[in-house]
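S.K.: Below: sequence and its predicted model.
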Amino acid sequence: MSGVVVKGVSRTFPGVRGGAPVQALSPVDLTVGQGDFVAILGPSGCGKSTLLRIVAGLDKPTTGTVTLEGKPVTEPGAERGMVFQSYTLFPWLTVAENIQFGPRERGVPAAERRDTAERLMAQVGLTQFANHYPKQLSGGMQQRAALARALANDPKVLLLDEPFGALDHQTRSLMQELLLKIWEDNRKTVLFVTHDIEEAVFMANRVLVMSARPGRFKSEVQVPFAHPRSYRIKTAPEFARLEEQLTEDIRGETIIAAQAGL
Amino acid sequence: MKPLEPVSPGTRIVLGIAFFVVFFAAWAAITFGGLVPKLFLADPVTMLQEGWNLITHHGFLKDIGVTVWRVVGGFILAALIAVPLGLAMGAYKPVEAFFEPFVSFARYLPASAFIPLFILWAGVGEKQKLLVIFVGSVFQIVLMVAVAVGSIRRDLVEAALTLGARDQGIVGRVMVPFAAPQIAEILRLVLGWAWTYVIVAELIGSSSGIGHMIIESQALLATGQMIFGIIVIGVIGLISDFLFKALNQKLFPWSTI
């Protein structure tokens, strides 16, 4: 059973102030199997976020189609949860209320919502901050709450758009371990966009490298490490080899992107 | 003193009161010192005496009540219409395109210039006072609320969409709570302006209210009474401002964290 199927999806943005239209994404194909953890790596401006937004239904493809379990994606929906790079917790809601937002919109009864929120807060270690407002939390805590909020809808696929991009290195490592643990526990389909090679190799089963704009898939690496993974694999020789290979792949694209002034 | 260095709460209160003291001291100095003739500017003591006389012998408290009633009445009417319209304009762009040009134009129509017309239409009674305040407030609130709602962070809307929210949820449970503290702040601001409109309305064609008392006092050259009336307006404004702020903090604790 296939999870997310992307077929011939491209995106061209209209020119700004009479300028030429910009093609952000060449037609790409991608199949993410159910329960798979796929990372998309690419230089900035390569269209990887655009692709993720199209899968989320927040942007429309110029050509091509996206389907989830055979059903075409035309608009955003609760079955595709998303965590953004920017902090998007609702500032007027507490952590517990934020996590309950999705279930509430879907009309889930209050008692059930509360149970879900409590379970997820325990999972991401925020039980003691249930009644805190987002502004009272650190960046890492906010992203953990955002992850719990996306999971509260029990989505079929989790879309992650550089969710740890704004965090410091140490917090980031802990967040990766947390996300990996959650994935290992419930094996949700995950599509993860990042520019951090180590992060991609550490968590994903498949790493796809995108070319400079207009983005297309340039290469793919299967990550052989078995689950559950420990942070110690980051020092394994095989890990270093994969990182090196991906670094080479991406470096060329980054140079092209830099020359194009992206 | 260093730039942006915070001031302790105690010092803040002392400094705030200190300026009032300086202000009254300067006033007392120029009036008691004979720098300004009594005819043009009463001294603080005379002002207080005349004010007390107004309250005890001329039923000034009733005038104050009438004026407050007019401001609050006209303002609430304006808010009841303007806030929902502003919300609709902020959330739905066609609604904004339909109303925005007219409201922007109407906003610059001076409410006080309508007074003669309103007297023709509604006489010199309460209806006319309410109309002046209504016209003076409604367009301002509409535009500012529309801007506040329209300034919703796009990523918050997108997050809500990916969580399964539909139109109603986006407007009612994302845009409204996001803009609510700003809307409360807008209402506080416009209420302050409504006070200037009511006084103007009362200066022209009125038989009661603080503005009426002020214009009557002019005929009597009672500068003490006039100043007392002006100060009463200032004090009421200060009180309503304080209440509004306290209410906002209670309703929207998250916005001041």
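M.R.: Thanks, I have it. Given the structure is predicted, the values throughout are model-derived calculations rather than measurements. Numbers count the residues shown, from 1 in each chain, chains lettered A, B, ... in the order given.
S.K.: sec struct for A:Pro91, please.
M.R.: coil (DSSP: H, G, I helix; E, B strand; the rest coil).
S.K.: quick one: contacts for it?
M.R.: A:Tyr133, A:Pro134, A:Lys135, B:Phe178, B:Trp254, B:Ser255 (C-beta atoms under 8 Å, 6 or more residues apart in numbering or on different chains). For glycine as for every other residue, the C-beta is placed from the backbone atoms N, C-alpha and C.
S.K.: Closest one to B:Leu238 out of those residues, please.
M.R.: Nearest to B:Leu238 out of the contacts of A:Pro91 is B:Ser255 (C-beta to C-beta; 22.3 Å).
S.K.: which non-adjacent residue is nearest that closest one?
M.R.: In this structure, B:Ser255 finds its nearest non-sequential neighbour in B:Pro181, 4.0 Å apart by C-beta to C-beta, 6 or more residues apart in numbering or on different chains.
S.K.: what's the pLDDT at that neighbour?
M.R.: At B:Pro181, the pLDDT value in this model is 94.
S.K.: next one: A:Glu69
M.R.: 89.
S.K.: how many other residues sit next to it?
M.R.: 14 (other C-beta atoms under 10 Å in any protein chain shown).
S.K.: Same check on the one 4 residues further on?
M.R.: Burial measure for A:Val73: 21 neighbouring residues, criterion other C-beta under 10 Å.
S.K.: Could you double-check that it lies in contact with A:Gly64?
M.R.: No: using C-beta atoms under 8 Å, A:Val73 is not in contact with A:Gly64; the gap is 11.0 Å.
S.K.: on that earlier part again, in helices, which of the contacts of A:Pro91 appear?
M.R.: B:Phe178 (DSSP state H).
S.K.: so what's whichever residue of the stretch 51-200 of chain A sits closest to chain B closest to, chain neighbours aside?
M.R.: Residue of the stretch 51-200 of chain A nearest chain B, by C-beta to the nearest C-beta: A:Ala78 (3.0 Å). Nearest residue to A:Ala78, sequence neighbours excluded (C-beta to C-beta, 6+ apart): B:Gly164, at 3.0 Å.
S.K.: beta partners for the spatially closest residue to A:Cys46 that is not a sequence neighbour?
M.R.: Closest residue in space to A:Cys46, ignoring its immediate chain neighbours: A:Gly215 at 4.2 Å, by C-beta to C-beta, 6+ apart. Beta-bridge partners for A:Gly215, by DSSP bridges, are A:Leu25.
S.K.: can I assume A:Gly215 is in contact with A:Leu25?
M.R.: Yes: assessed by C-beta under 8 Å, A:Gly215 is found in contact with A:Leu25 at 5.0 Å.
S.K.: touching chain B at all, stretch A:5-14?
M.R.: No: using C-beta under 8 Å from any C-beta of the partner chain, stretch A:5-14 stays clear of chain B, coming no nearer than 15.9 Å.
S.K.: re the thing from before, what sits in contact with each of A:Gly215 and A:Leu25?
M.R.: Common contacts of A:Gly215 and A:Leu25 (C-beta under 8 Å, 6+ apart): A:Gly47, A:Thr50, A:Leu51.
S.K.: ok, these vs B:Thr67, which is closest?
M.R.: For these, the nearest to B:Thr67 is A:Thr50 (59.1 Å; C-beta to C-beta).
S.K.: what's around the closest one, how many residues?
M.R.: If we define neighbours as other C-beta under 10 Å, then A:Thr50 has 23 of them.
S.K.: ok, now B:Trp195?
M.R.: As a measure of burial, B:Trp195 has 20 neighbours, counting by other C-beta under 10 Å.
S.K.: what secondary structure does it sit in?
M.R.: Assignment for B:Trp195 (three-state DSSP): helix.
S.K.: Break chain B into its domains for me.
M.R.: B:1-36, B:40-256 (automatic domain parsing).
S.K.: so which of these is the most packed in?
M.R.: Among the domains of chain B, domain B:40-256 has the highest mean neighbour count (mean count of other C-beta atoms under 10 Å in any protein chain shown), at a mean of 18.
S.K.: For my notes, confirm B:Ser104 occurs in a helix.
M.R.: Yes: according to three-state DSSP, B:Ser104 belongs to a helix.
S.K.: Next, find the distance separating it from chain A.
M.R.: 25 Å (C-beta to the nearest C-beta, to the nearest Å).
S.K.: Helix, strand, or coil at the closest residue to that residue other than its chain neighbours?
M.R.: Closest residue to B:Ser104 apart from its sequence neighbours, by C-beta to C-beta, 6+ apart: B:Leu143 at 6.7 Å. Three-state call for B:Leu143 (three-state DSSP): helix.
S.K.: my read: A:Gln222 touches A:Asn205, true?
M.R.: Yes: A:Gln222 is in contact with A:Asn205 according to C-beta under 8 Å; the separation is 7.2 Å.
S.K.: Excluding chain neighbours, give the residue nearest to A:Leu120 in space.
M.R.: Counting by C-beta to C-beta, 6+ apart, the residue nearest A:Leu120 is A:Ala148, at 4.0 Å.
S.K.: what do you get for B:Leu191?
M.R.: Here the residue nearest B:Leu191, using C-beta to C-beta, 6+ apart, is B:Phe75, at 5.6 Å.
S.K.: cool, B:Ser207 as well?
M.R.: B:Ser207 sits nearest to B:Val124 (C-beta to C-beta, 6+ apart), 7.5 Å away.
S.K.: Backbone dihedrals for that neighbour, both of them.
M.R.: phi -110, psi 20 (degrees, to the nearest 10).
S.K.: Would you check that it makes contact with B:Gly209?
M.R.: No: with contact defined as C-beta under 8 Å, B:Val124 does not count as touching B:Gly209 (11.3 Å).
S.K.: Remind me which helix or strand the residue lying closest to B:Ala111 once chain neighbours are set aside belongs to.
M.R.: Residue nearest to B:Ala111 in three dimensions, not counting chain neighbours: B:Gly136, with 3.3 Å by C-beta to C-beta, 6+ apart. Using DSSP states H and E, B:Gly136 maps to helix B:126-150.
S.K.: That helix: what's the following helix or strand?
M.R.: By DSSP H and E, the next helix or strand past helix B:126-150 is helix B:154-162.
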